[in-house]
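> Compute the structure for the input listed below.
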Amino acid sequence: MLNGYTHVYSIPEQTSFLNALYLGQESAFKDAATHIAEIVSTGADSEIKYNELLYNERTDVTIEFGGGRYEYQREYATQIEQILKSNGLRVLVTDRFYPTNTEEILRRGIQDTRKVYQSDIFVFIGDELELNSGTAALLGFARSLRKKCIMYESSSVEIHGENGHKMRKNLMIDFSVDKVASNLNLLIDYIMERKQDGK
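Next up, the predicted model:
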């Protein structure tokens, strides 16, 4: 999400499908490891420092609706932001993809990470079939910091796993959230409940 690199899996020819998947994954991980080592050793960008995340200012809620990539995500986020602010909450909205400027995605991604760090509650949209990698990364970051995580999932799509298990998203997402809100009213209620009781 933050470094701007895109990794593409490639399937080598003339191998079994399973073996090809392993080889493709191993190649992608090696490529990622090279870039991560480069980022860690050089600092990636001399103007981006880890301590940029260490801000003392706190906020109540960060809304992550796809980083503002699509108009409907921005509209939803703005509507929720206005409602929460009218109830006295301090709100931040992620916006790494808007306005569209690929040269700024790295910096805006860092800013979105900072927003999650500063907030008590992390709200994200799960209406797509799969979470985009940026949202998934921020969810993992929020969970590692013990933030309260609420997924807004208004679709009726279910994933059916083994032994009849049903889930809204894959298990990593399902088990990373504290609440799933199926509509706007429930989402606002869940946020207000958690803010009032500190849970």
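> separation between residue 88 and residue 99?
To residue 99, residue 88 is 29 Å away according to Cβ to Cβ, to the nearest Å. For the C-beta atoms, the positions are set from N, CA and C on the backbone; glycine is no exception.
> Sorry, wrong one. I was asking about residue 133.
In terms of Cβ to Cβ, residue 133 sits 21 Å off from residue 99.
> Who has more neighbours out of the two?
A count of neighbours by other Cβ atoms under 10 Å puts residue 133 above the other of residue 133 and residue 99, at 11 against 8.
> Going by residue numbers, what spans are strands in this structure?
59-64, 91-93, 119-125, 148-152, 159-160, 166-167, 179-181 (DSSP state E).
> Looking at those strands, which is nearest to residue 141?
strand 119-125 (8.6 Å; Cβ to Cβ).
> Which strands or helices does the closest one pack on?
strand 59-64, helix 71-86, helix 133-144, strand 148-152, helix 184-197 (3 or more Cβ pairs under 8 Å, 6 or more residues apart in numbering; DSSP states H and E).
> Out of the ones you listed, which gets nearest to residue 27?
Comparing the helices and strands packed on strand 119-125 against residue 27 with Cβ to Cβ, the closest turns out to be helix 133-144 (18.0 Å).
> what stretches of this protein score poorly on pLDDT?
Within the chain, the segments meeting pLDDT under 70 span 1-15, 35-56, 100-103, 161-162, 165, 168-171, 198-199.
> got the contact list for the most centrally placed residue in the chain?
Nearest to the geometric centre of the chain sits residue 135, at 1.8 Å (Cα atoms, centre = their mean). Residue 135 makes contact with 64, 66-67, 124-125, according to Cβ atoms under 8 Å, 6 or more residues apart in numbering.
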